[in-house]
Structures are given as structure tokens and as C-alpha cells.
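Peer 1: Sharing a model prediction with you, sequence too.
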Amino acid sequence: MLTITIPATELWDENKNEFIDLLKKPITLQLEHSLVSLAKWEAKWKKPFLGKQEEYNMTVEETTDYIRCMTITQNVNPEIYNYLPSDIFSQINNYIKDAMTATWFGENNSKKKPAKEIITAELIYYQMIVLNIPIEFQKWHLNRLLTLIKVCAIKQEEQPTGVDKKGKPKMSKEQIKNRRAINQARLKAMGTEG
């Protein structure tokens, strides 16, 4: 969670030729860059939030609205988002870019680059369901959640010790020998060869 404080703001109204108080006193906002925020924003704008920046350039209005979607503080004057100082934008941008984890991934030795899939909130929810990630994690910092999803997918591909490629428990040589003896005894008792 990011906590920001917007200073008291006085603006000049050109139509009335007077100063107006947007904020008579500083306001503190709590923001979360999470799957919940992403889903709210995508529901409104009907386009993916994540993706190649050159394909999905966000307008100032869309960027400002994402900050509104990130806000968990209640009863905030919506006009405030239109007058955020540049240093506040920088804080928010750094928070969004922060990995929020110590986990990192080595470079893939494959020369073939994987195809870029368009990632939307629904795809992330799907991945959470498939990987049995609890729904409560939707409130985690989005980068941390995406890292967890990647870790779970990698670990799921690895074969756990004692399990064959079909997911069945591996048997020891002694277990295999005992099973063969039992099967041979059954075949002999039934008078068949199998």
C-alpha cells in the first residue's frame, strides 16, 4: 500500500477571476496497485491495462482514473485527481513499478521468444483459480501477485520427488518385486496367463 499526502491547494479560476480552495487542508490517500484496481479500471475503459506501452498508451484521463481506482480512502473529492502535483505522480509511478519481492527469474536459454499474450484481469483471475491461489491475494501489489503466479506455474511443471510423469507415485524396487509376486500368485490361482 502507498500512502500519499496531497498538500493544501489553491487554484486560479479564470472564469471568475478568483482563487478557489480545492483543498483547504492536506489530505492523505491510501492507494493499492492490485488486481482489484486493475479490474475496476479495465471494466470502465474496456482495454488491457498491462501490455506493450506502444500498443496501449494511456491518456492523461485514463492514468488519472487508474489512480482513482487504486484509492482505498473513502469519500475523496474526484476533482483532486485532476490536480495532483508531479512529485505525487512520480511516487505513484515508482510504487507501480516496484517489484515488491525478492524473487527473480534467470534468463531463459531458449532462443525462441514466447508469444506475448494480452493479459487482462480475467486472465489473472483464471491463473489464480488454476493454481489454487486464494482470492484474498487479489489485494496484493500486482507485481508481487504476478510473480507468485509465475512461481506457482514453474513449480507445478516440476515433477515432485517420488512421482512419475503421469503423477502416480513411484515404487521402490522392493515394492515392484512384491507387486509382481502378488500378480503371479493371482494368475496361478485363476489358472490364466493374464
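Peer 2: Here it is on my side, so go on.

Peer 1: Mark out where each domain of the protein begins and ends.
Peer 2: 1-100+114-158, 165-194 (automatic domain parsing).

Peer 1: Let me know which of these is tucked in deepest.
Peer 2: Comparing the domains of the chain by mean neighbour count (mean count of other Cβ atoms under 10 Å), domain 1-100+114-158 ranks first with a mean of 14. Bear in mind the C-beta positions are built from the backbone N, C-alpha and C, glycine included.

Peer 1: Give me the average confidence score over that one.
Peer 2: Domain 1-100+114-158 comes out with an average pLDDT of 87.

Peer 1: Just the terminal-to-terminal distance for it.
Peer 2: Its first and final residues considered, domain 1-100+114-158 spans 33 Å by Cα to Cα, to the nearest Å.

Peer 1: mind checking how far D65 is from N93?
Peer 2: As judged by Cβ to Cβ, to the nearest Å, D65 and N93 stand 15 Å apart.

Peer 1: likewise I133?
Peer 2: Noted for I133: a distance of 27 Å to N93, by Cβ to Cβ.

Peer 1: Repeat that for R179.
Peer 2: 62 Å.

Peer 1: from memory L146 sits against M128, does it?
Peer 2: No: with contact defined as Cβ atoms under 8 Å, L146 does not reach M128; the gap is 10.5 Å.
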